[in-house]
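J.: coords below, sequence missing:
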């Protein structure tokens, strides 16, 4: 082979080699850049005056709350909390409050399970709430009475004492039970003979609040009177026959007995609302930028 031909072949080999190397560059660059890119994605997600919140801080906060950091709605919600916390800290410091005593933080972490940071912020909010809104919240007697009358745990619930017969998918047994009851047979006797389910081998199931009954059963029994037999009432997988033993309002508590508890609940509710309003007002006085 002549020198000129050999030179051309060597040059061609080098060219092929060079092209192969060039082809590998993107893959090599990707391998090098990928970890760098993973580090560089940490950016600023919010600014509060001269303070910043980084994406890594947001993710760390979401981890402590067991929130999915890929969920955009959850990201915005947690970021809002972090911004509020910053404003609380700034407001607390600007009003001249003393630093929270370590023993108070320690006591709260032990009693509530909060970490130290959350406990400190909670105590800051309590201090701000006491100063800014607590004395301004007034709960009137009318508010107390309205709350008392509209909540079943105080005013009681219309309830029925019931006996029941439950027949699984068997129309003939239902007809047999209804016929026996119509002929004056004792409900308990018929229940023992016919019912497919008896709690404690008894037909009596005790007191049940009407609001806790299923929709279909509640409609059938809502106007029932003591002594009445109601049925058959179709359920999802069975048929019911009921006897109403008694009817009355149960669980009612005297207003004077519950007044203080209701007062505390309403004060706490309206204080939280007033504090949130105040906090939103304070946030409007700060430069807040969100870049999420």
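T.: That came through, no problem. Note that the coordinates shown come from a computational prediction; the quantities given were computed from them, not determined experimentally.
J.: can you show me the strands along the stretch 151-292 of the chain?
T.: According to DSSP state E, counting those that start in this stretch, the stretch 151-292 of the chain carries its strands in the segments 157-168, 204-209, 229-234, 238-250, 288-290.
J.: paired strands for the first one, with orientation please.
T.: Each strand pairing with strand 157-168, determined using DSSP bridges, is listed with its direction: strand 204-209 (antiparallel), strand 238-250 (antiparallel).
J.: most packed of the ones you listed?
T.: strand 238-250 (a mean of 19; mean count of other C-beta atoms under 10 Å). Bear in mind the C-beta positions are built from the backbone N, C-alpha and C, glycine included.
J.: what about the protein, any weak spots by pLDDT?
T.: 1-41 (pLDDT under 70).
J.: related to what we said a few turns ago, so for residue 197, which of the strands of the stretch 151-292 of the chain sits nearest?
T.: strand 157-168 (4.2 Å; C-beta to C-beta).
J.: and that closest one, which residues are buried?
T.: 157, 159-167 (16 or more other C-beta atoms under 10 Å).
J.: angle of that strand against strand 229-234?
T.: 60 degrees (axes from the mean of the first three to the mean of the last three C-alpha atoms, to 10 degrees).
J.: what sits up against strand 157-168?
T.: 173-174, 177, 187-188, 190-191, 194-198, 203-211, 221, 224, 231-232, 237-251 (C-beta atoms under 8 Å, 6 or more residues apart in numbering).
J.: before we move on, back to that, of all the strands paired with strand 157-168, which lies closest to residue 83?
T.: Closest of those to residue 83 is strand 204-209, at 44.0 Å (criterion: C-beta to C-beta).
J.: can you list contacts of the closest one?
T.: 152, 157-164, 188, 199, 245, 250-251.
J.: next up, the contacts around residue 198.
T.: Residue 198 makes contact with 166, 191-192, according to C-beta under 8 Å, 6+ apart.
J.: format these as TSV; extra columns: distance to residue 62.
T.: Converted to TSV, the contacts of residue 198 look like this (distance: C-beta to C-beta, whole Å):
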residue	distance to residue 62
166	49
191	56
192	59
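J.: what residues does residue 230 make contact with?
T.: By C-beta under 8 Å, 6+ apart, the contact list for residue 230 reads 220-221, 224, 241-244.
J.: give the contact list for residue 47.
T.: Contacts of residue 47 by C-beta under 8 Å, 6+ apart are 53, 287-289, 291.
J.: so which pair among the buried residues of strand 157-168 is furthest apart in space?
T.: 157 and 167 (28.2 Å).
J.: returning to that earlier point: of the buried residues of strand 157-168, which is the nearest to residue 277?
T.: Distances from residue 277 to these, taken by C-beta to C-beta, are shortest for residue 157, at 34.7 Å.
J.: for the contacts of residue 198, which one is nearest residue 60?
T.: Compare each of the contacts of residue 198 with residue 60 using C-beta to C-beta and the shortest gap goes to residue 166, at 54.7 Å.
J.: using the three-state scheme, assign residue 128.
T.: helix (DSSP: H, G, I helix; E, B strand; the rest coil).
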